[in-house]
Structure formats: structure tokens, C-alpha cells
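Asks: When you get a sec, could you give me coordinates for this:
(2 chains)
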Amino acid sequence: MKQETHNNKIQAKVFEELCDAIGRENVFDNIEERVCYSFDATKEKSIPDLVIRPHSTEQVSNTVSIANQHNIPICPRGAGTGLSGGSVPIKGGIALDLKNMNRIVELNARDLTVTVEPGVVTKDLQDEAAKHRLFYPPEPGSAGFSTIGGNVAECTGGMTGMKYGVTRDYVLALEIVLPDGSVINTGSKTLRSVAGYDLTRFFVGSEGTLGVLTKITLKLLPLPAKIGTVMSYFKDIDSVLNATDSIIVKNHLHPRSLEFVDKTCIGAVRGSAEETIPEEAGAFLLIDVDGNEKNVANDISRIEALCRENSALKTSIAKTDDERDALWDVRKSVSPSLFKIASMKFNDDFCVPRSKVREVLKKVYELGKTYSIQVAAFGHIGEGHIHLNVIYNDGKEMDLSVHKLVSQILKEVVLIGGTITSEHGVGDAKAEFIGLELAPHEIEIMKDLKKMFDPKGIMNPGKIFI
Amino acid sequence: MSTDWKTEVDKCSKCGKCHTVCPVFLETGDESMVSRGRISLAEALRDKQIVYTDKLRDYVYSCKKCMRCRTVCPSGVDYEVIISALLSGVAENMGIPLLPRIIFRYILPRRILFDLMLKVSSKIQWLIPMKRRGQMRHLPLLFMGKRWIPTLAKKTALQKFRKTKKLKNPKMRVGLFTGCLINYIYVDIAEAVVDVLNRMNIEVVVPQGQLCCGTPSSTMGDFKSTKKLADVNKEVFESQKLDAIVTACATCTKAIKMDYLRTLGPSWQSMSDKIYDISEFIDKYCGDEYETKPIDEKVTYHDPCHLLWVRGISDEPRNVLKKSSDFVEMDQAGACCGGGGIFTIIHYDLTLKMLERKVASIERSGADTVATNCPGCVMQIADGFAGKNSKIKTTHSIQILQKALVDSGINKEK
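Replies: This is a model prediction of the structure:
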């Protein structure tokens, strides 16, 4: 099977050209390496023709300009932990692994900024910032292994969004390699800048379809002295929603995180979690508050009391960092644990206005019943965000029903005034649904803008738009 | 072997959490050298998208088999089932190189030949011009490649403890599974085990027929040879009337306690239940009884992967060391030292990087001595300090206890 170990799609001449430009040791054409760069956390798979692992902006620029000359697709990739197929090379071409560009270039504590290469793991950046008593707030569930480059490309949100917003709120400046190989700098390493159009914001969340991010300057905040955590179990989702409204709207408290998990999710993590979960629990809320010690203690006890007022079955307050980690482990292991129920899942990330959560969840569970497909919901409920997971076993008929169900759910979300994706990105997983939310004219404008940067369409083709 | 690996791979959610703990990925950042990548390779093999190649073998061999990924996997993937299937597939499809094959199939099962081979090798190595670093020198090239290790013992542990020292009214009677490294090189560790246990009024038998645990052959996918060795070890240890079996080697403990359950089946369960790491045994059966005079040294502890990440043993060795010395914790105590089998030969550069990190952690701890519960780790870490002119000593934790133990009066005489 020799022919399978080498691919014929990239001409020998182009292969040589790439090797000359960026070094043979950074170019991988063997099938084994290509298989390893064919997927992300959606489990979708498409084998690239080449894997290239550059170490510098120059190597990225050389790679991209050669690819552009020969019309070879480029699919940038961080840690491959995305949830929308963003880094899956669905049209083949080059999987551009940026994991080797992982230097923290400059952390300027007085300026409250840090400049990093895209392959830096988010948690590594947070740990480095913490050494200076500084803080990079966005915290996706995958912060321990996903990269800043991927976080910016997808504009990820994460657990601290309730108080601190999402990735885009922290990106100040970018160095970008455009498809013709040229390098541009957007924004400024200042905490404010309004010079010209906001190209930085345009590239944040562009899902690798416009260019390759090679340096990223982020805003940092002073590190809160203390984080307090309460876990609160409820009988049902209604009680959870009453408690959240009571905390935010009636009592004007501002938690750092307000995470919710439903009954099916609890079932998936029960047993593997250190925490003892009450048998009758139909949902839980995990709440973080941060600030100075006194305020945190005060807020935590008020929040605990509010949960009890709203008929919490059990509440636990973390007394140590270890206890806090244990509570958060329960929340963070929910998504992958759902694979224990069935081998496939569609992990949605829609968001609705806060006041519409009750309505949308009711609809979603009803639709699940109508289609006889199991759905599980968790998410950053403080912001009206839901990770709706459709769980199923592989099979053609099932695929079709799942597709119908997801499509129906997203229609309802948009009808209610929500968005089809709030932190995973569109990728190819949701490309067909973008028309539900955006009008044809709006899509045309976006496509025109893409053409301006990437006239040959080599950058991550097949993503966002079909 | 591993009938269900084909379904096990489907459990992987491809989330990438294994990136955070894999010692090899930490050095390379290469997806083909981490569990998630290797699982995708297994999947591609199952789906006939790839075949066994030299490259694939390298990626499979790049796994340290520390099993740390399994401890963080939120999808509950039993990675060991998958990596074992890959190793076995490599062996079946690509064959095992002649020399290891001869060693696994013909020499390891025959103690006399194994003794002879090492004896001859140890003679030959004196004839070969070689470098020295402190007390360390090359092990026979044919056996371990570029590693620096201490000299082979003149008398093996098995030879030394041919006769069991009888105690008057022993509290228990235990068997010692020596393992190859302790039998041939670190005989002093075996001596420490026997001495400490005897002084705690525990009779120690060192069954003579015991063979290698089978890990070297398993790591090269030769599970047939492992089975042969396991069969003999089963017979040898079952024929003795023992209250427990102890080992001082983390990898041997994993092999005979855990892996044999798959190699030999459920009939091994009752024996498996009786197998302990030496610190685990002391902590469980003698924890409150023995007296010590702590040695005047700062001692830190390195967690062997196969003890910490496979068996979750971390407090027991520390409890023993805290009673025996001025114990200090090091950062990253559970990080792999890089030692172990075929990996150190094929990926020697990575081995050295892991070792450098480990050595730096130990130095930062300010310890005079690093103790661990695995002769493989002792060899690797000692290799790291060899020639560095470092005063830090590497030892087994049982040897620290041996020095600190105060005799209770029972069976005091040597």
C-alpha cells in the first residue's frame, strides 16, 4: 500500500519548494502524521495532504505565499480542540500546525499587556500573568490545552464571561500573515485605539478564513485577590432560573461565573466525580465570585442564602483551592463525559437574551421528545448561553433525524432573538445554518470582505459559508 | 489480546486533555506523539486507511506507557488497551528485531541463560574502550544502547537469597519478586527489603524459579513471551505459602499485579490482591509499629509513573520517608524521569529532555538525596547526576528506611 503513505495531490515541485523555503524537517507528508492532524474535538475527520509546523512568522509567510501561488488550501490549527470543525482540513491541502510558535514574546506588567505567539496554551499564559499578579480572564473549558491562537480565531468565551466578557474584549493588536504572504499589523498595543477601521475585531472570530495570526497582543487585568465558589443542587431547571434571576436581577450581584448543568449531564458525571451529588438533583449551579477577601466572603454567603431561598437541595462552598478544583472538575468533565451515553454528539453553543432561557429550554426538551433523541443542556446560563448537546449513536437514519432536530432547534433560537453560535464558531458544523441568522445581503457583504483579503479562497475553505 | 480496542477508540472524544499530562507531548508538541494522536492512528488502522510502517512503529514506540493520560481522560478511555493493541500489531505485522526476539523467547524464560548472557556481557564490556562518569558506565551495548548504568553485581539477588532466613515467630511470610534490575544490578535494594522486613519480624522468601515480569517483551508487543514468563511466575509464587508478595520495582508491581490479570485471566485475582509495592506493604502492615531515628539528610521523593499514575500510590512512600528522614517535597514529583525500556533507545533525545527537567526539580527542592520506588527510575536519575559533579544521591526509599530503622529487639541479630 505504498501509494497510501505518500500523497500525490501536492506536486513534487511544490513540495520541494516548500521544503526549501521552510526546511524539510518542518514539512510532513507521511500518512501517519497527516492522520494525526485530520480532526478536532467534533470528531469530524479529513486528512490533509501535508502537515507543516512552522516556527516563525517568516516560515508562515513563505508557506502561505507558496500555497497561494499553487491554489493549495491552508487550514491553520492550534491544539485541535475546537468544537465546530474549524481546524479540520475538509478540502485537503496544508494543515498548518502553529503549536511550535509558542513563545510568550513580551509581558509588560505596567502596560497591562502581553504579546504572544498563537501556539501558547491559554493556561500557560494565565500562569505567566499570575506571576505578575495579572489576569487574562477568558477561560474556555479547554483552557488547559487549547491555544490562544485558536481562542482568538474562534472568539471563544468560557466560564468567566458573566463578569469579564469574551476573547474579543481582550485582543488589542494582531500580527497577521495574509494569503499573499504579506504581514500586516492591526490595532495598537495600547488599552484604547480608534485609528481607522477596527481590523483587529474583524479578524477575531474569523475562523482562519482571512489570514494566519502570528502574534497576538492581549489586555491583562489586575488579578483578583480571591475567588469564592458555591455549588448548588436543585430539583429542576425552574428553580435554577429563579435562583439566577434572584442573584443578578433582584440582588444586583455580579458573579464571575454562573454555570448550569441539567439532569442528563449530571447522570453522565455522577460516580466519576469526587463530589457526592444528591439523588434527586435535576440540575446544578456552579457560581464563582471574585474580588477582595471580605467582599467575596460576603457575596458567597448571600448567594448561598439565595440558592437556599430558591429551594436548593444541597449547597457546598469550596474552602480550599483543591475543593474549588474538585467542584470545577465536575463542570469541566461534563462535555466529554456525555460520550459515555452514546458515541456521537452535536455540541451546540447558542445564546438567547437572558430572559428567554426558560422559553428556549422548554422548546428544546419538547423537540428532543418529538424526535425521540436525547438532548442534554449545560452552559454559561448567567449570559443566556446554552451548550445544547444532541447525543446519539452513529447511523445514517439517525444522522438525518439529528440534523432535522438541530436545524429545528436553531430556528427556534433565532426566532426567539438568539444567535446560533456564541463561542465555538460556525466552522463547517454550522455553515449550513448561518442563513437562519444572517440575511442574504449581509452574507454577501461578508463574502466580499473575505474576497478582498483572500481572492483565491485558499484560507480554510468550506468554513462559515458553504 | 485486546479484543475490544476497536470499540475503545470510539470512546475518545478527541478533546485533547491528554496534551496536559503526556510527558512526550510536553517535549515535542507533536500530535503523533500523544494518546489522542495515537488513538486516531489506531482508528485509521482499524478503518484500513493506513498500514504498519516504520514511521508508525516510531510513533507507537514514542509512548512512555506511563498511563498518566488515563488518569485525566474525561471520556474514560482505557488507553492501555489501545496502546497494547498497537504494540502487538507492530510486532505481528513488522516482526520483532532478531536480538530482542531471541532474548524474549529463549533467554528470559531460562534463568541460567539470562545469568550467562549478562555475565558474558559484563566481561566483554571491560574489553571495550569506554567512557566513565563517576561510578557509572555503559551497560552491554547489545542490551541497552547508549544508557549509562552502574556495574553488574557479582552475585545476583536470587543467588544471594537462595536460602530463606528463618524467623522464630514471624508475623507474616512474604515473597519477594526481585525483577531484573534489582536482581542483576541493584542487589543492595533487595538486601534492604529483606533486612528491613526481617527486622520487622517478617520472613522473606525469594523464590528461586522466578523470571522476568515480562514488561520488556510487552513493550515490544511480544505478548506471547510475556505469557510464557507469567505462567512460570504464577507457578513459582503459587507453590509457596505466602501471606503477601512484595516488589521494590514500580514497573514489576504494575506487571504482576495489574497486567497479569489480562495475561493470565481472572484466576490470578486472588494472587494479585496479595501483591504490594514495598512502601505500600510497610505502610499497611507495619505503619504504626516500627521505630526510626531519622537520618540527618534532606530527602525528596520522585513518583514512578507506574506507581503513581497506574496505582495511585503516593502517600505510602512519603509516610515511610517522613519517618526516616528530613523529608522535602519537590515540584513536579509525578513528572516522568524519562527512563524505561525501548523508549530510551529509540527516542534518546526526548529521554534526556525529560531527565533534565527531573534533575532540575530535584535540585530546586534542596534535597541531599532523591529516593524513589523503582530501580528503573533510580538508574535513570543517577544517570542524570552522573558526571555533573552533583552531590545529590539517588536511592530507593527502602534504603533510607534501612538506615533509619531502629531495632525493636526481635530478630535483631544478623
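Asks: Assign the residue of the stretch 101-250 of chain A found nearest chain B to helix, strand or coil.
Replies: Going by C-beta to the nearest C-beta, chain B is nearest to residue A:145 of the stretch 101-250 of chain A, at 4.2 Å. Any C-beta I mention is one placed from the backbone N, CA and C, and that applies to glycine too. When classified by DSSP: H, G, I helix; E, B strand; the rest coil, residue A:145 comes out as coil.
Asks: Can you check the pLDDT for it?
Replies: pLDDT, residue A:145: 96.
Asks: residues contacting it?
Replies: Going by C-beta atoms under 8 Å, 6 or more residues apart in numbering or on different chains, residue A:145 touches A:79, A:81, A:121, A:123, B:15-17, B:19-20.
Asks: can you check residue B:169 too?
Replies: residue B:201.
Asks: how many other residues sit next to residue B:35?
Replies: 27 (other C-beta atoms under 10 Å in any protein chain shown).
Asks: now swap in residue A:275 and tell me
Replies: 16.
Asks: ditto for residue A:20
Replies: When neighbours are counted by other C-beta under 10 Å, residue A:20 registers 12.
Asks: now the contacts of residue A:145 in a markdown table, with secondary structure?
Replies: Output for the contacts of residue A:145, formatted as a markdown table (three-state DSSP):
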| residue | secondary structure |
| --- | --- |
| A:79 | coil |
| A:81 | coil |
| A:121 | strand |
| A:123 | helix |
| B:15 | coil |
| B:16 | coil |
| B:17 | helix |
| B:19 | helix |
| B:20 | helix |
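Asks: What number of residues are in the vicinity of the residue of the stretch 51-200 of chain B at minimum distance from chain A?
Replies: Closest contact between the stretch 51-200 of chain B and chain A, by C-beta to the nearest C-beta, is at residue B:74 (3.7 Å). By the measure other C-beta under 10 Å, the count of residues near residue B:74 is 22.
Asks: Tell me who's in contact with the residue nearest to it when sequence neighbours are not counted.
Replies: Counting by C-beta to C-beta, 6 or more residues apart in numbering or on different chains, residue A:336 is the residue found nearest to residue B:74 once chain neighbours are left out, at 3.7 Å. Counting by C-beta under 8 Å, 6+ apart, residue A:336 touches B:13, B:15, B:17, B:73-75.
Asks: May I have the secondary structure class of residue B:39?
Replies: Here residue B:39 is helix, with the state taken from three-state DSSP.
Asks: is it true that it touches residue B:78?
Replies: No: using C-beta atoms under 8 Å, residue B:39 is not in contact with residue B:78, being 11.0 Å away.
Asks: Below-threshold pLDDT in the chain: ranges please.
Replies: No chain was given, so I picked chain A. A:1-8, A:274 (pLDDT under 70).
Asks: nope, chain B
Replies: B:1-3, B:122-149, B:387, B:408-414.
Asks: Give me the residue at the spatial middle of it.
Replies: For chain B, residue B:251 is the residue whose C-alpha lies nearest the centre (C-alpha atoms, centre = their mean; 2.8 Å).
Asks: That one reaches residue B:311, doesn't it?
Replies: No: under the criterion of C-beta under 8 Å, residue B:251 is not in contact with residue B:311, lying 11.1 Å apart.
Asks: Burial check on the nearest residue to residue B:160 once chain neighbours are set aside, number of neighbours?
Replies: In space, residue B:160 comes closest to residue B:187 once its chain neighbours are excluded; the distance is 6.2 Å by C-beta to C-beta, 6+ apart. The number of residues packed near residue B:187 is 21, by other C-beta under 10 Å.
Asks: I figured residue B:187 hits residue B:152, correct?
Replies: No: the pair residue B:187 and residue B:152 fails to qualify as a contact (C-beta under 8 Å) at a distance of 9.6 Å.
Asks: Now do the shared contacts for the two.
Replies: Common neighbours of residue B:187 and residue B:152, using C-beta under 8 Å, 6+ apart, do not exist here.
Asks: residues contacting residue A:64?
Replies: A:74, A:96, A:177-181, A:211-212, A:458.
Asks: at 6 Å instead, please
Replies: A:74, A:177, A:179, A:181 (C-beta atoms under 6 Å, 6 or more residues apart in numbering or on different chains).
Asks: what about residue A:24, neighbour count?
Replies: A total of 11 residues lie near residue A:24 under the criterion other C-beta under 10 Å.
Asks: picking that back up, thought residue B:154 was touching the residue nearest to residue B:160, still the case?
Replies: No: look at residue B:187 against residue B:154 with C-beta atoms under 6 Å: they stay out of range, at 8.8 Å.
Asks: Grab the nearest non-local neighbour of residue B:153.
Replies: Nearest residue to residue B:153 in three dimensions, chain neighbours excluded: residue B:187, at 4.3 Å (C-beta to C-beta, 6+ apart).
Asks: So residue B:39 and residue B:78 - more neighbours on which side?
Replies: Neighbours per residue (other C-beta under 10 Å) separate residue B:39 from residue B:78, with residue B:39 holding more: 25 against 16.
Asks: That one and residue B:47: what is the separation?
Replies: Plainly put, residue B:39 is 13 Å away from residue B:47 if you go by C-beta to C-beta, to the nearest Å.
Asks: The nearest residue in space to the residue of the stretch 101-250 of chain A closest to chain B that is not next to it in sequence: what's it in contact with?
Replies: Closest residue to residue A:145 apart from its sequence neighbours, by C-beta to C-beta, 6+ apart: residue B:19 at 4.2 Å. Shown in contact with residue B:19 (C-beta under 6 Å, 6+ apart): A:145, B:25, B:34.
Asks: what would the residues you listed look like in JSON lines with distance to residue A:397?
Replies: Converted to JSON lines, the contacts of residue B:19 look like this (distance: C-beta to C-beta, whole Å):
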{"residue": "A:145", "distance to residue A:397": "35"}
{"residue": "B:25", "distance to residue A:397": "38"}
{"residue": "B:34", "distance to residue A:397": "35"}
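Asks: tell me which of those is nearest to residue A:130?
Replies: Proximity of these to residue A:130, judged by C-beta to C-beta, is greatest for residue A:145, which lies at 17.8 Å.
Asks: What values do phi and psi take at the closest one?
Replies: phi -140, psi -10 (degrees, to the nearest 10).
Asks: I'd like to know how far it sits from residue A:411.
Replies: Distance, residue A:145 to residue A:411, by C-beta to C-beta: 34 Å.
Asks: ok, now how distant is residue B:4 from residue B:73?
Replies: In this view, residue B:4 and residue B:73 are 16 Å apart by C-beta to C-beta.
Asks: again with residue B:153
Replies: From residue B:153 across to residue B:73, the span is 40 Å (C-beta to C-beta).
Asks: the more surrounded of the two?
Replies: Taking other C-beta under 10 Å, residue B:153 and residue B:73 do not tie; residue B:73 has more neighbours (22 against 19).
Asks: ok, residue A:60 - contacts?
Replies: Neighbours of residue A:60 in contact, by C-beta under 6 Å, 6+ apart: A:54, A:177, A:212, A:214.
Asks: Cool, thanks, talk later.
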